[in-house]
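Undergrad: quick one: sequence and predicted model below, then my questions.
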Amino acid sequence: MDRETARAAVPAAVAGLLGRIRLRHVTCFVAVAQERNLGRAADRLGLTQPAVTKTLNELESIAGARLLDRGRHGARLTAAGEQLLRHALGVTEAMEAVAAALAGAAHPTTGTVRLGALPTVAGVLLPGAVARLHERHPRVGVQVRTGANTGLLESLRAGELDLVLGRMAEPATMRGVSFELLYAEALALVVRPGHPLTRAGGPVSLPAVLDHPVVVATPGTVPRHHTEVLLQQHGLRLPPGCVETLEVALARAIVRRTDAVWFTAERAPQVDLDDGLLVRLDVPTPGTTEPVGVFRRSVDEPSAVTDALLGILRDLAGD
């Protein structure tokens, strides 16, 4: 198909838009969508905020739709904006690849994977995955951001992350992303060796557990929800004075130095359990199993380095 024939095959409406939209519209839109703030987007682009506003207004005029809701609290994508972002990210990523090629930096085993992970998930597969990735592709970088599921998925949709390791989310938060199961895990109650609750040598009752300090996940998280449901099933509730944290390093340090009991996803303390630095109490936790897996944007074809990491994660999860 020659150029004239190809041009004639493009619908008239699309051809009209192609004649009006410019790369600056796309890069400006992506920057605001990712920064969620016009001022920060302007700084990132080296522009003034009025210039960013003008460019966005032009793009919305071309689109004939509101793409971003802008106000004092920042900028949030509309439904039309979310749909556009999926394609706009491909444009900006392609331009970055072109620039890298022109600069002589393109290489099949270079680049950076931007990864998001729940704190209780990051230490399970990531250490081995990163080590194996660097054995095969030593020039590949890995950026890791930890946080709550909702925020990580929002960053994934905005193109700030390539993959997210997390727990299966509510359907409303799964828009534009796909989920691949890696493993499932239940709630566990963990203490230091020699803890008073380990001396009985058998099953431990939940009322006995609550006679000790408790470390739990923060409200709104899956481990916290399962903790509260487990206690409610026995007519119990969390006592005052709990330590609430998602920071695995902090939780394990508290539990190793005190008589606190840690309600946690069972794989989070696996290294310490294997090394004998922590022990799991004999407390049944039925109904607390949750799927853990990897999220990515539905419309994206993973890059070579992202695809390599995906394969490694699958292998490790199956070991």
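TA: Looks like it arrived, so ask away.

Undergrad: what phi and what psi does the backbone show at Arg192?
TA: phi -80, psi 160 (degrees, to the nearest 10).

Undergrad: got a list of what the closest residue to it other than its chain neighbours touches?
TA: Leaving aside its chain neighbours, Arg192 sits nearest to Arg256 (5.2 Å; criterion: Cβ to Cβ, 6 or more residues apart in numbering). C-beta coordinates here come from the backbone N, C-alpha and C atoms, glycine included. Arg256 makes contact with 192, 272, 277-278, according to Cβ atoms under 8 Å, 6 or more residues apart in numbering.

Undergrad: next one: Arg256 from His195, what distance?
TA: Note on Arg256: its distance to His195, by Cβ to Cβ, to the nearest Å, is 10 Å.

Undergrad: how about Phe263?
TA: From Phe263 to His195 the distance is 14 Å (Cβ to Cβ).

Undergrad: ditto for Thr218
TA: 24 Å.

Undergrad: how about Arg132?
TA: 35 Å.

Undergrad: coming back round to it: higher neighbour count, Thr218 and His195?
TA: Neighbours of Thr218 and His195, each counted by other Cβ atoms under 10 Å, are more numerous for His195; the result is 19 against 12.

Undergrad: now the more buried one. Nearest residue, chain neighbours left out?
TA: His195's closest residue in space is Asp259 (Cβ to Cβ, 6+ apart), at 6.0 Å.

Undergrad: again, but for Pro193
TA: Val279 is the one closest to Pro193 (Cβ to Cβ, 6+ apart), at 5.5 Å.

Undergrad: quick check: which element contains Ile62?
TA: helix 49-63 (DSSP states H and E).

Undergrad: and for Glu180?
TA: strand 177-185.

Undergrad: so what secondary structure elements neighbour that strand?
TA: helix 149-157, strand 290-297, helix 304-318 (3 or more Cβ pairs under 8 Å, 6 or more residues apart in numbering; DSSP states H and E).

Undergrad: sort out which residues of the longest one are buried, please.
TA: What it means is helix 304-318. Within helix 304-318, the residues that count as buried by 16 or more other Cβ atoms under 10 Å are 305-306, 308-310, 312-313, 316-317.

Undergrad: now the closest residue to Val255 other than its chain neighbours: phi and psi?
TA: Nearest non-adjacent residue to Val255, counting by Cβ to Cβ, 6+ apart: Trp262, 4.6 Å away. Here is the backbone geometry of Trp262 (degrees, to the nearest 10): phi -100, psi 120.
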